[in-house]
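*Asks:* Predicted model follows, preceded by the sequence.
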Protein chains: 2
Amino acid sequence: MIQYNKVTPAVVEALKHIVGDKYVITDEEKMLPYSHDEVTDSRYHHMPEVVVLPRTAQEIAEIVKLANRELIPIVPRGAGTGLACGAVPVHGGIVLSLERMNSILELNTDSLYMVVEPGIRTDDVQNAAREAGLFYAGDPCSGDSCFIGGNVATNAGGNRAVKYGTTRDQVYAIEVVTPRGDIVTLGGRLEKVTTGYRLDQLIIGSEGTLGIITKITLKLMPLPQHVVDLLAVFPDIDTAIGLVPKLIKAGITPTCVEFMDNITIRSVERFLNEKLPHSENGHYVIVQVEGENEDDLDNKSVLLDELCTEHGAMSVLVADPKKIWRARKSFAEAVRHESLIQAKEDIVVPVDQIPAMMREIAVLSEKYGLATRTASHAGDGNIHLNILKGDMPDGEWDAKLDAFQHELYKCVYRLGGKLSGEHGIGYKRKQLMQEFTDPVELEMMRAIKKALDPNLILNPGKIFDV
Amino acid sequence: MIQYNKVTPAVVEALKHIVGDKYVITDEEKMLPYSHDEVTDSRYHHMPEVVVLPRTAQEIAEIVKLANRELIPIVPRGAGTGLACGAVPVHGGIVLSLERMNSILELNTDSLYMVVEPGIRTDDVQNAAREAGLFYAGDPCSGDSCFIGGNVATNAGGNRAVKYGTTRDQVYAIEVVTPRGDIVTLGGRLEKVTTGYRLDQLIIGSEGTLGIITKITLKLMPLPQHVVDLLAVFPDIDTAIGLVPKLIKAGITPTCVEFMDNITIRSVERFLNEKLPHSENGHYVIVQVEGENEDDLDNKSVLLDELCTEHGAMSVLVADPKKIWRARKSFAEAVRHESLIQAKEDIVVPVDQIPAMMREIAVLSEKYGLATRTASHAGDGNIHLNILKGDMPDGEWDAKLDAFQHELYKCVYRLGGKLSGEHGIGYKRKQLMQEFTDPVELEMMRAIKKALDPNLILNPGKIFDV
């Protein structure tokens, strides 16, 4: 285990010299927001020793070189909307916030790409594309607050992964400050490439442990013109979730297939104070499809309606997209309203294993007497399972949660799944990562980390211990 | 530079003990086919000391452990259809051929995947999928002879990358024997995952330098039902190639967009001894599109016809798919017929830079008096430029080719391109790789190689020197 040094007044001075006095924060109160992400359990919070807000890759490179010389850890931070404590400075040191690097550098409507800095909000990326008549396919549910740089660093997923893949599939190239403080561009605006190792894809999703992303070239595409959102309401979870593999196989290529169980629908209804259809007993499958033209869209809608009805839907409605997506995206907030402290599991399994997974969740929920709320990106096998602490005493909660999680992930891995579909491992899932990952695979990850970051400067204590 | 040991009789005995006497080859004549790939220049051939044909991952793991103990290099080999000398044992040692591992282990028509061993031919993968009413999207031009394992190891591209991506996009998971001789499964049958580093995607395309692929889970999809191949004939190269970026932008999402210049068309015509349309003066753009239904396909065909005509096509024909694709896929053989020795460049540039690249090629071809033949996966920016030696003396050829390549790749990198779109770097492009890659990026690759393969056992001397 590496012994880091403390941030001394001399280090603070050196940081001020690099970025300017104004952009170095040491005031406790002002540093407080940088001590946590969206994980509400304060046991996962940790204060930085200093927060620095650089404006350029060059400044970041200097900071990284300084940190290597002084043996001080750096934790890169986007908007702090993570759910795995990936941006929490568990070893103290420097929090490096990308918030000032928030420009769109280029939007090319002929060649369909956009070059952005990491600190721009994902919604702003989507909106800029849309205003140019184009489409950015990445769509994490936290798009109104998260940064695109964080999306890339964690390979954020979201709703449209079924058709368009996750953030890594939207990226042509990244500029990165390496753990040694070099600036390098990885990847390229290329549709096909086999020129050495795919380092861009290694850095993407590495949660700030292998590099600090300072510039991103994103793919754009023509804006889909013909889109419909259908809401299929089912009388029970099994029937609802059993539809999903069949949808995928039918060759419709939906953009999104989302699932919300009844108890979650009612939670959202209370939170929004707004009546949702069939909320008394329905479970939702929300399907978004795009058509080549209106006829094609009509054909697909009819096919979907038939499929859903055949598989036991009580009702299939054309949904108001604003309303239905607000309901879906309110899931996290609504559940937080019910219980401030909760475990947010981010299970991913093969799509055909979702029904088995849902049954296991019901069994475990019952067995441990823990209330759960579930919303899933069902089309891609990603289940958000929120386990609520409510007013359970800390000791009981810890013990029960631990036992619940262990049984849960044994099942996940038995079904061919993994720990996290889109939230990442960060600090929070590190123990589970150690436990459930093949030791050979974990050792390969460690070897790569040590090779690229020999002083273990970048975001230490995340994903795995070295 | 590591000093490898020679293969001793004791090592040969140990190999026989692992795989059985029958599957260890030391006879010079029988080893000859394993001394080269498709590169015809004998200066790129090198004899192995022994060839071994294992049947299982366990056997391979034992061989790798033996090689580590004895410090003997291992060169994994698929069908030997490479064009970059990736499978040539430039340091001697053991050639490990995957040819006996050629089974389909599972074809799941409900969940749309296929598990295969690496030594099965790509065409056989495609055919097995098709017979089950499904579709495997990978489609390298050498599909009738190459192995799927080689496709994965080199991230083979091919014609359909425009719509479906390259081989790495078709892979759910790989089983790998690591350079230390462990067996590990990387990736998973998951549509979305953020659980540590993406090691599967690091190994894919690493040309056998980071692991030996022993099992592959491939994605399948519903078989496209409505497909048309259009042949647009243009009076000059500039107009033909200028169409391509416009096609992509029109939002048609073609499956393939291929380009053949007139001189290449005539070369193929002579080779096949078969009249091709407008071969007297036409340059071809071949476009394949898939439709959701016949109406959609008709709409797209009309739109394509309009686009091509508007951009100067002399003629737009619905092509006989068998005939047109045989013509396209005969490119390599036809050109070899013209000149046994040739440099096969595998340039990739951003799609919008293809016209600039083609102009540069014409200029250089003229400047150096070197005959060139060009066929391109134009839709993805991948240009196959074959430079013909003909009967030029060796010394003159080497000097001219060297100068030509240096000017060529300076232009490629200036345009945002890279050395290889799909053939890989192997041994043949290693010097150019060293010269044109950012030293920081190259040092990261080296660090990863050394971290995962500390004895530098696996396919040494490829991609870069350590």
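*Replies:* That came through fine.

*Asks:* what helices or strands is the least confident helix or strand in chain A by mean pLDDT leaning on?
*Replies:* Within chain A, no helix or strand scores below helix A:237-249, which has a mean of 85 by mean pLDDT, DSSP states H and E. When contacts are defined as 3 or more CB pairs under 8 Å, 6 or more residues apart in numbering or on different chains; DSSP states H and E, helix A:237-249 packs onto strand A:226-234, strand A:256-260, strand A:283-291, helix A:294-310, helix A:354-368. Glycine gets a C-beta too; all of them are placed from N, C-alpha and C.

*Asks:* Ok, which of the ones you listed comes nearest B:Gln170?
*Replies:* Proximity to B:Gln170 (CB to CB) singles out strand A:256-260 among these, at 21.7 Å.

*Asks:* Quick one: residues in contact with the following helix or strand past that closest one.
*Replies:* Note on strand A:256-260: by DSSP states H and E, the next helix or strand toward the C-terminus is helix A:262-272. Outside of helix A:262-272, the residues within contact range by CB atoms under 8 Å, 6 or more residues apart in numbering or on different chains are A:260, A:275-276, A:279, A:281-284, A:326-327, A:330-331, A:333-335, A:337-338, A:373-375.

*Asks:* sorry, back to before: so what angle separates the directions of the least confident helix or strand of chain A and strand A:256-260?
*Replies:* 180 degrees (axes from the mean of the first three to the mean of the last three CA atoms, to 10 degrees).

*Asks:* Identify each buried residue in helix A:237-249, please.
*Replies:* Buried residues in helix A:237-249, counted by 16 or more other CB atoms under 10 Å in any protein chain shown: A:Ile237, A:Thr239, A:Ala240, A:Ile241, A:Gly242, A:Leu243, A:Val244, A:Pro245, A:Leu247, A:Ile248, A:Lys249.

*Asks:* now chain A, which segments are flagged as low pLDDT?
*Replies:* Residues of chain A that meet the criterion pLDDT under 70 lie in A:1.

*Asks:* that older thread, what's the most buried one of the helices and strands packed on helix A:237-249?
*Replies:* strand A:256-260 (a mean of 26; mean count of other CB atoms under 10 Å in any protein chain shown).

*Asks:* What backbone torsions are found at the residue of the stretch 51-200 of chain A found nearest chain B?
*Replies:* In the stretch 51-200 of chain A, the residue that lies nearest chain B is A:Glu191 (3.7 Å; CB to the nearest CB). With angles defined as degrees, to the nearest 10, A:Glu191 sits at phi -90, psi -10.

*Asks:* neighbours around the closest residue in space to it that isn't next to it in sequence, how many?
*Replies:* In this structure, A:Glu191 finds its nearest non-sequential neighbour in B:Asp380, 3.7 Å apart by CB to CB, 6 or more residues apart in numbering or on different chains. B:Asp380 has 28 neighbours, counted by other CB atoms under 10 Å in any protein chain shown.

*Asks:* Likewise for A:Glu396?
*Replies:* 11.

*Asks:* Same question for the one 4 residues further on.
*Replies:* The local packing of A:Lys400 (other CB under 10 Å) involves 17 other residues.

*Asks:* List the contacts of it.
*Replies:* If you count contacts by CB under 8 Å, 6+ apart, A:Lys400 has them with A:Tyr368, A:Gly369, A:Leu370, A:Met392.

*Asks:* closest one to chain B among the helices and strands packed on helix A:237-249?
*Replies:* Here helix A:294-310 is closest among the helices and strands packed on helix A:237-249 (CB to the nearest CB), at 5.1 Å.

*Asks:* At the contact with chain B, which residues of the stretch 351-466 of chain A appear?
*Replies:* Within the stretch 351-466 of chain A, the residues that sit near chain B (CB under 8 Å from any CB of the partner chain) are A:351-352, A:377, A:379-382, A:416-425, A:433, A:437-438, A:440-442, A:444-445, A:447-448, A:450-452, A:463-464.

*Asks:* Among these, name the ones in helices.
*Replies:* A:Met433, A:Val440, A:Glu441, A:Leu442, A:Met444, A:Met445, A:Ala447, A:Ile448, A:Lys450, A:Ala451, A:Leu452 (DSSP state H).

*Asks:* Show me the one of the helices and strands packed on helix A:237-249 that comes nearest B:Lys344.
*Replies:* strand A:283-291 (39.5 Å).

*Asks:* how close does A:Gly188 get to B:Ser315?
*Replies:* 35 Å (CB to CB, to the nearest Å).

*Asks:* neighbour-wise, which of those two wins?
*Replies:* Taking other CB under 10 Å, A:Gly188 and B:Ser315 do not tie; A:Gly188 has more neighbours (20 against 14).

*Asks:* Would you agree that one is in contact with B:Tyr413?
*Replies:* No: using CB atoms under 8 Å as the test, A:Gly188 is too far from B:Tyr413 to be in contact (9.6 Å).

*Asks:* hmm, back to that, for A:Phe135, state which of the contacts of A:Lys400 is nearest.
*Replies:* Once CB to CB is applied, the member of the contacts of A:Lys400 that ends up nearest A:Phe135 is A:Leu370, at 40.3 Å.
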